[in-house]
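Asker: okay, sequence plus prediction incoming.
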There are 2 protein chains.
Amino acid sequence: MKNLNHSNTQTIVKGELLSSPGKIAKNGYFVKTGCLKSYIIDSEGKEHIIQFAPEHWMIGDLNSFTFDVPSEIYVEAIEDSEITLISKSEYQNLDLLEKEEVIEMSNKYRNNLIASNKRVISLLSSTAEQRYIDFTETYPTLVQRLRLKLIASYIGVTPEYLSEIRRKLVKK
Amino acid sequence: MKNLNHSNTQTIVKGELLSSPGKIAKNGYFVKTGCLKSYIIDSEGKEHIIQFAPEHWMIGDLNSFTFDVPSEIYVEAIEDSEITLISKSEYQNLDLLEKEEVIEMSNKYRNNLIASNKRVISLLSSTAEQRYIDFTETYPTLVQRLRLKLIASYIGVTPEYLSEIRRKLVKK
DNA sequence: GAAAAAAATTAAGGTAGTTTAAGAAATGAG
DNA sequence: CTCATTTCTTAAACTACCTTAATTTTTTTC
């Protein structure tokens, strides 16, 4: 992460809300320790998790951050965490960055895109049980750290049904 | 697209397969005219569309292209099209590119990521009917050009059920 | 422009996942 | 440690969406 630390480190506690809908996102967040989540609340009041960001991940509303439109998502700490801010002025205009830094950003976008595409495929083609198994294999450490409720929201099922899935898998 | 046309323009006909699972992707594709689709076939033989690429979009298996792992997807023309190849040697090593070109790539990844994230949210939080309405509003020109079957596969329902959704919407 | 092939429609029956609700277990606060 | 709160589990009734299959419509091909 050479050169990406122009901004200060901040300490935040579990439950702290860094970003919420309606505002234009002024920052992205880079997680040094702990874990954040981004999520939306749908028209029926249900929470859907867009992304988890444990150590070394970036999180934020890229759409709002990039195009100066009001954000639609929440960003919240799910553990006590240390983060650094990624300020808009720096990253919106890539021209201002060194070529190396642009490459670094580009690689982060690309890897994030690859992960997002895989998730789309998984949502389109796998059952909830398979998505849960995939999650446990892809993010074994997160499975330990996260509440079932959060994992359920991420893979797109109710906590009740995930509970049932787990019971079935234990029996096997 | 200044400077991105190092490669030749190719003309392909509807139905032509540019890429298939198992091979390591040697190229990405930039669409000048026409339309391509990328898709997977799941373990039950069902097709799931990952992306449509009409004029000015890029398409390909970024994961395979980037990390030299065997591809898992098909890329196929759904209209007669003109495309240019995006060769791996150029884009895998961003170092070799001019800063401007890196910025251009970064922006394409970023915009693609924003679109992919929106799709994840939509799959998690919206009903099939709402996803169809969103699709018609987001891609009005594609709705005209694409067969119902393809749209159904993209939004994640069977053609039969999309047909039913349409009937309901016409009645309203 | 006629025959063949592919796509779309309709409907009945089925299933994966949701809803609701209530009790048990784990976590958090003082 | 203890009470309050949140999370997890279980189960029964329900619904969004799927499957199958037959018919109609559209598109492709020669």
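Answerer: That came through fine. Quick caveat, the model's predicted, so the values are computed rather than measured. Numbers count the residues shown, from 1 in each chain, chains lettered A, B, ... in the order given.

Asker: how about the residues of chain A by DNA strand C?
Answerer: Taking C-beta under 7 Å from any atom of the strand as the criterion, the neighbours of DNA strand C within chain A are A:Glu44, A:Lys46, A:Thr127, A:Ala128, A:Glu129, A:Gly156, A:Val157, A:Thr158, A:Glu160, A:Tyr161, A:Glu164. In short, each C-beta sits where N, CA and C put it, glycine included.

Asker: just the buried ones from those, in ChimeraX syntax?
Answerer: The buried subset of the residues of chain A next to DNA strand C, as determined by 16 or more other C-beta atoms under 10 Å in any protein chain shown, is captured in ChimeraX by this line:
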select /A:128,129,156,157
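
Asker: go through the residues of chain A next to DNA strand C and say which is closest to A:His56.
Answerer: Checking the residues of chain A next to DNA strand C against A:His56 with C-beta to C-beta, the nearest one is A:Gly156 at 25.1 Å.

Asker: show me how far the one helix or strand A:Glu100 maps to is from its chain's centre.
Answerer: Element membership of A:Glu100, judged by DSSP states H and E, is helix A:99-125. Helix A:99-125 has its C-alpha centroid displaced from the chain centroid by 12 Å (C-alpha atoms, centre = their mean, to the nearest Å).

Asker: what residues sit buried inside it?
Answerer: Of the residues in helix A:99-125, A:99, A:101-106, A:108-114, A:116-125 count as buried by neighbour count, 16+ other C-beta under 10 Å.

Asker: what about that helix, average pLDDT?
Answerer: Looking at helix A:99-125 alone, the average pLDDT works out to 90.

Asker: now the angle from that helix to helix B:99-125?
Answerer: 30 degrees (axes from the mean of the first three to the mean of the last three C-alpha atoms, to 10 degrees).

Asker: what packs against helix A:99-125?
Answerer: Secondary-structure packing of helix A:99-125 (3 or more C-beta pairs under 8 Å, 6 or more residues apart in numbering or on different chains; DSSP states H and E): helix A:128-138, strand B:47-53, helix B:62-67, helix B:99-125.

Asker: need the residues that contact the first one.
Answerer: Spelled out, it's helix A:128-138. Residues external to helix A:128-138 that are found in contact with it (C-beta atoms under 8 Å, 6 or more residues apart in numbering or on different chains): A:122-123, A:126, A:142-143, A:151, A:154-157, A:161-162, A:165-166, A:168-169.

Asker: including distance to A:Glu82, could the helices and strands packed on helix A:99-125 go into TSV?
Answerer: Formatted as TSV, the helices and strands packed on helix A:99-125 follow (distance: least, C-beta to C-beta, whole Å):
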stretch	distance to A:Glu82
helix A:128-138	24
strand B:47-53	36
helix B:62-67	30
helix B:99-125	25
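
Asker: what's the closest of the ones you listed to A:Val69?
Answerer: For the helices and strands packed on helix A:99-125, proximity to A:Val69 was assessed by C-beta to C-beta; helix B:99-125 is nearest, at 10.6 Å.

Asker: near DNA strand D at all, the closest one?
Answerer: No: for helix B:99-125 and DNA strand D, the contact criterion (C-beta under 7 Å from any atom of the strand) is not met; the two come no nearer than 9.9 Å.

Asker: alright, I will stop here.
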